[in-house]
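A.B. asks: structure of the sequence below:
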Amino acid sequence: MGHSHAHILDPARDGAGPQGPRPPASNRRANLLLALILLPVAVATVVGMVLLWPSGDRSHLAVSDPWATAPGVRFDVGTVQRVATEACPSSQPAVAAGAAAQECMVAYTQPEAGGAEVAVEVTPEIVKSRGVEAGDTIRYLNLSRVMPEQDGTFVFVDFVRSTPIVLLAVLYAVVVVAVARWRGLRALLGLAGAYAVMAMFILPGLVEGKPPLLLGLVGSVVIMIGVLYFAHGFSARTSTALLGTLFGLGVTALLGAWATDAAYLIGVGDEDTYQLVNMGDQISLSGIIMCGLIISGLGVLNDVTITQSSAVWEMYELAPGVSTRRLFAGAMRVGRDHIASTVYTIAFAYAGAALPVLILVSLYERPLFDTLTSGELAEEVVRTLVGSVGLVLAIPMTTLVAVLVVKAMGIRNPETGQDAAAAGTGRPPGRRGRRRLDA
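C.D. replies: Numbers count the residues shown, from 1 in each chain. This next block holds a predicted model:
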């Protein structure tokens, strides 16, 4: 999504610095009004975060580590030297008993810890999906200590993906900072802070059975306040976008709470959720889904509100004499285009994530409506619809607030020093609008 986030305020030029005149009364009134709305929200959010902060007690959970091993068994890492399709090492006892040997892919691997090559047996599903090639770094199960007299004691577990993922992350950071510069760096740091809120507050709270609706709302508001102000700075423009974001979050939360119950989103469609059910009685799968509905749309919601707020600011600077109604209508034309493209973005993002499930259910030859409302896809469909409704309603709300704020603050003509709105209508300059709009 394209953003228009140029720095408009120049304190030295616009009289905002220590040497310049005081801000006009209209600016102070607009900023005061925004503060009167947002400060109570911020205080309530902090109070809610304190009250909902997880204790860290996990004694009620029965967690079984899928990576835990029996005594004498360990996970090793090595680099594949060569691959062959031959008799499976694990079938040698059966061959010795007179049975036919089974063939499988065997990856001869050099252990990272040193020593001789080992024959790692590759599972059939890996062979069908991609296979293993020379040069791959793999993780395998080492059973040699518990079965020293038997072949086939090394079994493929997973690929080691550290290098490509780290390279992609570095490339992403470099591209963002190179194009967006300091603002891109601040956005990346804000993203790290958002994940910290999720890891330290939202996820442990869900595990301990905290109210999922409040947990999702409080955590999301904290993330949005931090991300917006840290990435875009403290300004009326950012505060306006935050108000629109909070409105969209409220709509999404209410719809998500209703849809989770009305659409019977129980979350027992895969192996991970079954494991959560068996870990403890305090974990609510429907609550996790409800919280997920709120969090899933944060990025897109933030994008449309800050872009819409910036669009109003830029349009008014180009035509400061425009009426409130005309400015709102013009900004909404931009908003409607943004709505259309963003709805596609949400739908395709979720469709891409659920592609294996879509392929699987399509093979069942079920009616399309039955497929979309089935347990496998209902959660994705509801997430798309709920997030889209909150997103769409946030755009006119953000536009309305931005128009009211920008008209109240006015704009200064940097060449004449006059109130540009007054200059455009033939009125004499007044106190209104002696600062640029990003104050």
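
A.B. asks: any chance you could map the strands in the stretch 151-300 of the chain?
C.D. replies: For the stretch 151-300 of the chain, the strands defined by DSSP state E, counting those that start in this stretch cover 154-159.

A.B. asks: which stretches of it have low pLDDT?
C.D. replies: Along the stretch 151-300 of the chain, segments meeting pLDDT under 70 span 151-152, 267-274, 277-278, 280-281.

A.B. asks: repeat the analysis, applying 50 as the threshold.
C.D. replies: Across the stretch 151-300 of the chain, nothing is flagged by pLDDT under 50.

A.B. asks: where does G78 sit: helix, strand or coil?
C.D. replies: In the three-state summary, G78 is assigned as strand, counting by DSSP: H, G, I helix; E, B strand; the rest coil.

A.B. asks: and the helix ranked longest in the chain, what does it pack against?
C.D. replies: The residue-count maximum for a helix in the chain (DSSP state H) belongs to helix 162-197. Helices and strands touching helix 162-197, by 3 or more Cβ pairs under 8 Å, 6 or more residues apart in numbering; DSSP states H and E, are helix 212-232. No exception for glycine: its C-beta is placed from N, CA and C like everyone else's.

A.B. asks: from the chain's centre, how far out does the longest helix of the chain sit?
C.D. replies: Averaging C-alpha coordinates over helix 162-197 and over its chain gives two centres that are 13 Å apart (Cα atoms, centre = their mean, to the nearest Å).

A.B. asks: try stretch 364-372
C.D. replies: On the basis of Cα atoms, centre = their mean, stretch 364-372 sits 29 Å off its chain's mean C-alpha point.

A.B. asks: in the longest helix of the chain, what counts as buried?
C.D. replies: When neighbours are counted by 16 or more other Cβ atoms under 10 Å, the buried residues of helix 162-197 are found to be V176, V177, A180, R183, G184, R186, A187, L188, G190, L191, A194, V197.

A.B. asks: swap in stretch 275-288?
C.D. replies: L276, M279, G280, I283, S284, L285, G287, I288.

A.B. asks: mark which of those residues are part of helices, please.
C.D. replies: When DSSP H defines the helices, the subset of the buried residues of stretch 275-288 inside them is L276, M279, L285, G287, I288.

A.B. asks: which non-adjacent residue is nearest the last one?
C.D. replies: Pointing back at I288 there. Across the structure, with Cβ to Cβ, 6 or more residues apart in numbering as the measure, the residue nearest I288 apart from its sequence neighbours is L206 (5.6 Å).

A.B. asks: same question, the first one
C.D. replies: Of all residues not flanking L276 in the chain, I283 sits nearest, at 5.3 Å (Cβ to Cβ, 6+ apart).

A.B. asks: residues contacting the one you found?
C.D. replies: By Cβ atoms under 8 Å, 6 or more residues apart in numbering, the contact list for I283 reads L206, V207, G209, L276, V277.

A.B. asks: avg pLDDT for stretch 101-108?
C.D. replies: Stretch 101-108 shows a mean pLDDT of 84 in the predicted model.
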